[in-house]
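Novice: here's my sequence, what's the structure:
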Amino acid sequence: MEKKRQEQQDKYRRELKEIEDELDHHRRQMKYNQEEEDQAKELAQKKAQLKSLKETKARIAAAKSAEAKSENPSEKLQDRKPASSDIFGPSAQEWEDMKRDTGACNDALDELMDLIGLEFLTTLGAIAGDCFEETTGSKLANMGVKGCEDVLEKIKDNGGGVFFIDEAYQLSSGNSPGGKAVLDFLLAEVENLRGKVAFVLAGYSKQMESFFAHNPGFPSRFPITMNFEDYTDDELQQILKRQINRTFENKMEVEDGLDGLYVRIASRRVGRARGKEGFGNARAIENVLANIRKRQATRIRREPRSSGKEPNDFFFTKEDIIGPEPSLSLQNCNAWQKLNKMVGLREVKEQVKILLDSIKTNYQRELDEEPPIQFTLNRVFLGSPGTGKTTVAKLYGEILANLGLLSNGEVVLKTYADFIGAHLGQSESQTKGILAATIGKVLVIDEAYGLYGGKGSTSDPYRTAAIDTIVADVQNVPGDDRCVILIGYQEQMDEMFQNVNPGLSRRFSVDTPFVFEDFDDDALREVLDYKLKASGFTATGEGKTAALDVLIRERNRANFGNGGAVENLLSKAKASYQKRLSAGKMKKKNQIEAEDFDEDFDRSTRKDTNVRQLFQDDIGREDIIEKLEHIQQQVRQLKALGLDVKEEIPFNFLFRGPPGTGKTTTARKMGKVYYDMGFLDKARVEECSATDLIGEYVGQTGPKVQKVLEKSLGRVLLIDEAYRFADGKFAKEAIDEIVDCVTKPKYQGKLIIILAGYEHDINRLLSVNPGLTSRFPETIDFKPLKPDACFRLLADLLRKRKVELESKGRDLDIGCLECPSALFLSRCTATLKSLTAVEGWASARDVKQLARNVFHAIDLKAEALKVEEKHVLQALNQMLKDRQSKMVKSAPPIFHDCEADFSPTPSAPSVPALSIRTNTNIEAQQNTNEGDLTDEDGSSEWTPVSPESPGSSRSRKVVRDAGVSDEIWEQLQKDQAEEERRDAEYRKLKEAQKHATDEAREKIVRELIEEEERRKKEAEKQAKLMALGTCPMGYHWIKQADGYRCAGGSHWLSNEEIEKHMQ
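Specialist: Next up, the predicted model:
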């Protein structure tokens, strides 16, 4: 066995050795053969060069001899002419053939063939060698000076030649750091290698201008400039004809002939891009021929073979050359069919149809050899989320590609962030790269309004650069092989187009955008049915009605999701279905019920909200109840007639009355009524003060108002202290903005707006802005509760406490309130009457506090809980005592009209401090606001700080700093004027306070407290700014939008920087 194994090993080694020897033999044989071929090529090349040099030398000698013998210039020319014809190289001969056969004419090519052609230069002896090296500017820049030297050495080693640099402008573009160094090196070498190397620089005209600007010595080193103009339509036709003949060896037949109409149309289509950067000329004709062949192949593949007739591969039809008639193309276009099947989008479909009709018209005009109607493919898509903008953009691109208007048709989706760079120059390069990569495609820029960087000194240069690059590179010309679609919300897009480079509007059809409206009821129902079917579920009729009701409500909110909203609702319903399935409460498999869409689904089918029951705990609300019942009746009647309900019922109200009279509670219940009628998305009240809507500088008020309104869409917006809208420039701007917005479709009928305040304040506001009367036609007055009503409310509140205790197993006796004695009732109403006469009495709000005080007086540890008369009387007397102790004995009231109260008062150098006492409201919120002003004895005393003295930094004469732009200085003066206005209002308030009545004094004091708090914080910031010493002149600092600027204008600190220093 061992012997046998040894024999096998020996045999293996022998076979392996034989194979290795054979492999080595073949390798050496291949190597020797290659060496022989290389040597033969090199010998042939050297022989050819030697022969060429000898011939050149002989021709030069013969030319000199002939020149010396000839004395007549005409003879000299005749002697040289035949010689010139003898030295035609292949390129020159080809050009001569083209001129003879096709009638081509080009002065630049004639000059080129006579002067710098490599074959001519070598033949004429201008350069000794025929070496030709071709490269590009970017490649040469990456190679650097060392690489350039190597190329030139190679040319010199071969006896000279031509160095051709295509796209030479890339050397000076700045994208490659080595490019400019190479240019400086070439500048010297061009002079040094004169007669040995011919340098040819090629590139686009516009870019070459910046190239020659790199060094003034370039024009003298390169004195010969040849401009190659774009081919005319006739020349393009001849090129197409020649390409067809050359490609198919003159065998291809063309419908209507090579000089016929269809070839002319194809050539003219190419020519429409003439003059645009990147126009391909002959290369574009090659692309056209490729498309013709592609259409021919498609046509032949579709032709039936049943007849046994073989298709003619050497025949181009009309359809092959200029494409099919557009209507025929659309019949087989899946994208067009999908677009027509999409839900809604009536206006978008009409716009697309108009575009397609224009394409059909142009097709016929081309056949009639008339100029086509010019239109751009670029579009603006406006609409809410979920309306199908991106889907339509993809289908739009496929339709354009199917009609032959785009060479590719692929849809590339980008957002504005893809265009914005992080440093100067990056936005331009990123934008150029995206645009270059999307030629022949559809570029969709979603949220395009994000490219708007603002205006003025706060504008973003990176976003502005992106828009400027789009304007420069995207052209609004027919035949442009590109489609750019901007997508966004209408309001933001309008603002962008109005404030950015005006050229952007000309690049896009801003006047005829594709507007994607929110889905109407029918469209929402179709989408719901489609998505239910796609997910394998069904829904009952009642369930679909409930789902549609939810979607209609949600449509009132800002940025309604449309199709996305349907998807979200279905997800919620499926989760509810699964929950019922897990609990074993499923009625039918894969069937979604109404309760899955909305737990309170039956609101749309049940009777109207019982308004009287809703207000059963409120006292004195008969007028409000009747008004809401009347609105419910109107809605029923209008719906029965099929009329637009929102146009007929009120959505804006004025609530007039003192605090504590139930304005907020009424607003909340009113929201419930409107919610049940289907007008609101949520029965929720968004509360704010008028101060929250008033800006502090120019341009801030409008956005603040719109932000609050958008947040409140589908809800109730209650704006308290509305009297503040009557005073000040920015306050007037706020109320004007509200008046304007309530009539806009974005807000009208989609939220309830309530302006609330004291009766005389609301009346004054109406007199200041007459437009409010028509915008807020409904007024509801809230009167203070009378003493007997206050007593009944107190009994009701404690009755609720009794019910609460009974649920805990305890009993509360409130018999003294439910069946009061005549004496007790008389004493209570007398005390309540005194309380209602006290300034600042808050009606129901204070009665609630009174009920809490009575309840706190009960001994909860006792076995029997009882509200006794003494508890009630003690609580009433204590509250009255507290209120009276905090009242200020004021001077006899002097009547002043509104204009007199707020008339301008001359400013004084200093104002003596005033000591004012004001009532303190029991409400917790006002305690918080005024808590810092309360003395130890409970009284509220307020002492204002006197204004700045004349010796402060503000009184110094200010000189405008050098280098401060007019824009900055103008805004600085506006902000300083605003500061002075606030100071003047502050002084007016202090003067008006002296003569105000008790009721007016409380309002003025409240405003003075807020203003003093603001001035205190402002003084701290000013002190810190002066301490920092940033402004060497010591000027005071003026508050601006995002920070502070010294009065001289040249020093700036942002709010963030100041806050850091304040910490």
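
Novice: how many neighbours does residue 772 have?
Specialist: With neighbours defined by other CB atoms under 10 Å, the count for residue 772 comes to 23. Quick note: C-beta positions are derived from backbone N, CA and C, even for glycine.

Novice: do residue 282 as well
Specialist: Number of residues near residue 282 (other CB under 10 Å) recorded here: 14.

Novice: check contacts around the nearest residue to it once chain neighbours are set aside.
Specialist: The shortest distance from residue 282 to any non-neighbouring residue, by CB to CB, 6 or more residues apart in numbering, is to residue 239 (5.3 Å). By CB atoms under 8 Å, 6 or more residues apart in numbering, the contact set of residue 239 is 231, 282, 285.

Novice: tabulate the residues you listed (TSV), appending secondary structure, distance to residue 455 and pLDDT.
Specialist: What follows is the contacts of residue 239, written out as TSV (DSSP: H, G, I helix; E, B strand; the rest coil; distance: CB to CB, whole Å; pLDDT from 0 to 100):
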residue	secondary structure	distance to residue 455	pLDDT
231	coil	45	86
282	helix	46	85
285	helix	46	88
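
Novice: per-domain residue ranges of the chain.
Specialist: Under the assignment automatic domain parsing, the domains of the chain span 1-86, 88-229, 233-304+311-322, 326-516, 521-588, 611-781, 787-884, 898-1024.

Novice: closest to residue 1044 out of those domains?
Specialist: Between residue 1044 and those, the shortest separation by CB to CB is 7.3 Å, and it involves domain 898-1024.

Novice: so for that closest one, mean pLDDT?
Specialist: Averaging pLDDT along domain 898-1024 yields 60.

Novice: got it, and stretch 636-652?
Specialist: What stretch 636-652 shows for mean pLDDT is 83.

Novice: same check on stretch 324-339?
Specialist: The average pLDDT for stretch 324-339 rounds to 80.

Novice: where in this structure is the helix or strand with the lowest mean pLDDT?
Specialist: In the chain, no helix or strand scores lower on mean pLDDT, DSSP states H and E than strand 916-917, which sits at a mean of 32.

Novice: tell me which residue is most central in this structure.
Specialist: Ranked by distance to the mean C-alpha position of the chain (CA atoms, centre = their mean), the top residue is residue 449 at 2.5 Å.

Novice: quickly find the element holding the closest residue to residue 503 other than its chain neighbours.
Specialist: Spatial nearest neighbour of residue 503, chain neighbours left out: residue 471 (4.0 Å); criterion: CB to CB, 6+ apart. Assigned by DSSP states H and E, residue 471 belongs to helix 461-473.

Novice: picking up where we left off before, tally up the residues packed near the residue nearest to residue 503, please.
Specialist: As a burial measure, residue 471 scores 17 neighbours (other CB under 10 Å).

Novice: tell me the confidence at it?
Specialist: In this model, residue 471 is scored at 87, pLDDT.

Novice: which residues are in contact with it?
Specialist: Counting by CB under 8 Å, 6+ apart, residue 471 touches 501, 503, 504, 507.

Novice: now with 6 Å, please.
Specialist: For residue 471, the contacting residues are 501, 503, 504, by CB atoms under 6 Å, 6 or more residues apart in numbering.

Novice: same question, residue 570
Specialist: With CB under 6 Å, 6+ apart, residue 570 has these contacts: residue 531.

Novice: repeat the analysis, applying 10 Å as the threshold.
Specialist: By CB atoms under 10 Å, 6 or more residues apart in numbering, the contact list for residue 570 reads 527-528, 531-532, 534-535, 537, 539, 547, 577, 592, 596-597.

Novice: where does the stretch 1-150 of the chain have low pLDDT?
Specialist: For the stretch 1-150 of the chain, the stretches flagged by pLDDT under 70 are 52-53, 55-56, 59-60, 62-64, 66-95, 97-129.

Novice: strands of that one, residue ranges please.
Specialist: Along the stretch 1-150 of the chain, counting by DSSP state E, counting those that start in this stretch, strands occupy 131-136.

Novice: which SS state does residue 1035 fall under?
Specialist: With DSSP: H, G, I helix; E, B strand; the rest coil as the basis, residue 1035 sits in coil.

Novice: doesn't residue 1048 make contact with it?
Specialist: Yes: at 5.0 Å, residue 1035 counts as touching residue 1048 under the criterion of CB atoms under 10 Å.

Novice: and these two? Which one has more around it.
Specialist: Neighbour count, other CB under 10 Å: between residue 1035 and residue 1048, residue 1035 has more, with 23 against 20.

Novice: tell me the pLDDT of the more buried one.
Specialist: With respect to pLDDT, residue 1035 has a value of 81.

Novice: sorry, back to before: so can I have TSV of the domains of the chain showing distance to residue 1042?
Specialist: As requested, the domains of the chain are arranged in TSV below (distance: least, CB to CB, whole Å):
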stretch	distance to residue 1042
domain 1-86	73
domain 88-229	34
domain 233-304+311-322	41
domain 326-516	7
domain 521-588	26
domain 611-781	10
domain 787-884	39
domain 898-1024	12
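
Novice: of all those domains, which lies closest to residue 1059?
Specialist: Residue 1059 lies closest, by CB to CB, to one member of these: domain 898-1024, at 9.3 Å.

Novice: hang on, the earlier thing: what's the ChimeraX line that selects buried ones from the contacts of residue 570?
Specialist: ChimeraX command restricting these to the buried ones, with burial defined by 16 or more other CB atoms under 10 Å:
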select :527,528,532,537,539,547,577,592,596,597
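
Novice: show me which pair in the contacts of residue 570 is furthest apart.
Specialist: Maximum pairwise distance among these (CB to CB): 19.0 Å, between 527 and 577.

Novice: please enumerate the helices of the stretch 751-900 of the chain.
Specialist: Secondary structure of the stretch 751-900 of the chain (DSSP state H, counting those that start in this stretch): helices located at 759-768, 771-775, 787-807, 815-818, 822-837, 844-856, 869-885, 898-901.

Novice: so of those, which one's packed in deepest?
Specialist: Comparing these by mean neighbour count (mean count of other CB atoms under 10 Å), helix 844-856 ranks first with a mean of 19.

Novice: tell me what angle that helix forms with helix 787-807.
Specialist: Angle of helix 844-856 versus helix 787-807, following axes from the mean of the first three to the mean of the last three CA atoms, to 10 degrees, is 50 degrees.

Novice: please put the alpha-carbon coordinates of helix 844-856 into CSV.
Specialist: What follows is helix 844-856, C-alpha atoms only, in CSV (Å, rounded to 0.1, in the frame of the first residue of the first chain):
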residue,chain,number,x,y,z
ALA,A,844,-69.0,85.0,39.6
ARG,A,845,-65.3,84.8,40.0
ASP,A,846,-65.4,86.4,43.4
VAL,A,847,-68.5,84.4,44.4
LYS,A,848,-66.5,81.2,43.7
GLN,A,849,-63.8,82.5,46.0
LEU,A,850,-66.5,83.3,48.6
ALA,A,851,-67.8,79.8,48.4
ARG,A,852,-64.3,78.4,49.0
ASN,A,853,-64.0,80.7,52.0
VAL,A,854,-67.3,79.5,53.5
PHE,A,855,-66.3,75.8,52.9
HIS,A,856,-63.0,76.4,54.6
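
Novice: relative to helix 869-885, how tilted is it?
Specialist: Put simply, helix 844-856 runs at 130 degrees to helix 869-885, going by the same axes, to 10 degrees.

Novice: other SSEs contacting helix 844-856?
Specialist: Counting contacts by 3 or more CB pairs under 10 Å, 6 or more residues apart in numbering; DSSP states H and E, helix 844-856 packs against helix 787-807, helix 822-837, helix 869-885.
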